[in-house]
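*Asks:* sequence and computational prediction follow.
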Amino acid sequence: MVPTRPTHPFWMYEEMQATPAALDHALAPSAAERSAREELATRLATARRVYLTGCGTAYHAALVGAAFLRDFTAGQVDARAVQSFELAHYAQPGPGANDLLIALSHSGKPTATNAALARAHGAGAYCLTITGNPTSPAAQLAQAVIEYGYAEAKSFTYTISYSLMLAVLADLAAHTATHIHGAGPSALALAAPVRELARWHREALALEPQIEPLALRLAQHPRWIFAGAGGNYATALEAALKMQETNYTASFGMEMEEVLHGPVAALGDAVLVVIAPPGAARTRALDLLRAARLLGSETIALGATGDTELAGAAGTLIPLPTGPEALSPAPYHVPLHMLSYWVAVARGTNPDLMRREHAPYLDARHAYTL
């Protein structure tokens, strides 16, 4: 177990603060790395199918990466995210000849991810591993590796890894779109904002004076529902996972429409967090927020700076930079990571260790292999 810290700032906080500089590095690769990414973009553009896989936080990054590839290329790339265990043992068809697999893992060690890589490699698929550990088993099983440059993560929440994975995936998607469509306006409209991700990340981190008191006020609520659509369905899943890992609340990530089909019955005593950048889901987000407020829910919306209608529908608006909806999962997860951190601090839990400082939980962790 990594050396722990007993109070704020925990490792998770330090790694969130270190992320913009790490993004600057990840999005400014060497000439050799840039050439390698261009070659990978060519492979992505011509693959029959592109599978993305991972476990936990890495699986959420895979979901976003698949959305990036589909959205950036206007559906020209058939990109599918499949959880690692499912891909290794159940997915039909699995990756085969003329397909490409992107495996995501910070450590490169999870057995399910490596089993998925082994299956794909054995079937003739081209395999790319995106990782913080370029000497890991996952790296050795792949024909290509992108190391995103932050191997020293100490918090088990891996917030910095998630942000870096999304940046690399966005960069690959932008280059793939350029390969398919040329350097025209549609491709540039997404490629140029990718270069803004570090700046947007800094702007999102600057929301801490709003998020910390919000977390302290709501910390004792036992149930949270996070709702998003498109690529931000994965943002909702990731936010709920971070809440579970850091502060142990009963938190759920859901597709926005699905909240209205049954779970609406649980809204009254839950905190509802709606991820609503400008785009197709924003109108449905307004419906959901208005319904939740009629039920007495605490409501939070993440939306564009200056969105007065969204601010009026939600109890709290967390304003974020305006950019293409397709890219919004990259900045929009940042305040939710921060929210989970400050709820943990308020509840007196250690956000780095997932209860591994307690013997029963450590024993339970030793009962299985990741």
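*Replies:* Looks like it came in fine.
*Asks:* could I get the average pLDDT for stretch 129-136?
*Replies:* Confidence for stretch 129-136, expressed as mean pLDDT, is 96.
*Asks:* in it, what's buried?
*Replies:* Applying a neighbour-count criterion of 16 or more other Cβ atoms under 10 Å, one finds 129, 130, 131, 132, 133, 134, 136 buried in stretch 129-136. In this view, the C-beta of every residue, glycine as well, is placed from N, C-alpha and C.
*Asks:* in JSON lines, list the residues you listed along with secondary structure and distance to residue 223.
*Replies:* Formatted as JSON lines, the buried residues of stretch 129-136 follow (DSSP: H, G, I helix; E, B strand; the rest coil; distance: Cβ to Cβ, whole Å):
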{"residue": "129", "secondary structure": "strand", "distance to residue 223": "37"}
{"residue": "130", "secondary structure": "strand", "distance to residue 223": "33"}
{"residue": "131", "secondary structure": "strand", "distance to residue 223": "34"}
{"residue": "132", "secondary structure": "coil", "distance to residue 223": "33"}
{"residue": "133", "secondary structure": "coil", "distance to residue 223": "36"}
{"residue": "134", "secondary structure": "coil", "distance to residue 223": "40"}
{"residue": "136", "secondary structure": "coil", "distance to residue 223": "37"}
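*Asks:* which of those lies closest to residue 110?
*Replies:* The shortest distance between residue 110 and any of the buried residues of stretch 129-136, using Cβ to Cβ, involves residue 136 and amounts to 9.7 Å.
*Asks:* spatially central residue in this protein, please.
*Replies:* Among the residues of the chain, the smallest C-alpha distance to the mean C-alpha position (Cα atoms, centre = their mean) belongs to residue 61, namely 4.4 Å.
*Asks:* and it, what does it touch?
*Replies:* Residues counted as contacts of residue 61 (Cβ atoms under 8 Å, 6 or more residues apart in numbering) are 54, 104, 162, 165, 166, 169, 234.
*Asks:* that one - nearest residue in space that isn't next to it in sequence?
*Replies:* The spatially closest residue to residue 61, leaving aside those adjacent along the chain, is residue 165, at 4.0 Å (Cβ to Cβ, 6 or more residues apart in numbering).
*Asks:* can you confirm the one you found is in a strand?
*Replies:* No. The assignment for residue 165 (DSSP: H, G, I helix; E, B strand; the rest coil) gives helix, which keeps it out of a strand.
*Asks:* count of neighbours near it?
*Replies:* Number of residues near residue 165 (other Cβ atoms under 10 Å) recorded here: 29.
*Asks:* can you name the residues that contact it?
*Replies:* Applying Cβ under 8 Å, 6+ apart to residue 165 gives the contacts 58, 61, 65, 104, 130, 148.
*Asks:* how far away is it from residue 201?
*Replies:* Using Cβ to Cβ, to the nearest Å, one obtains 13 Å as the distance from residue 165 to residue 201.
*Asks:* fine by me, we can end here.
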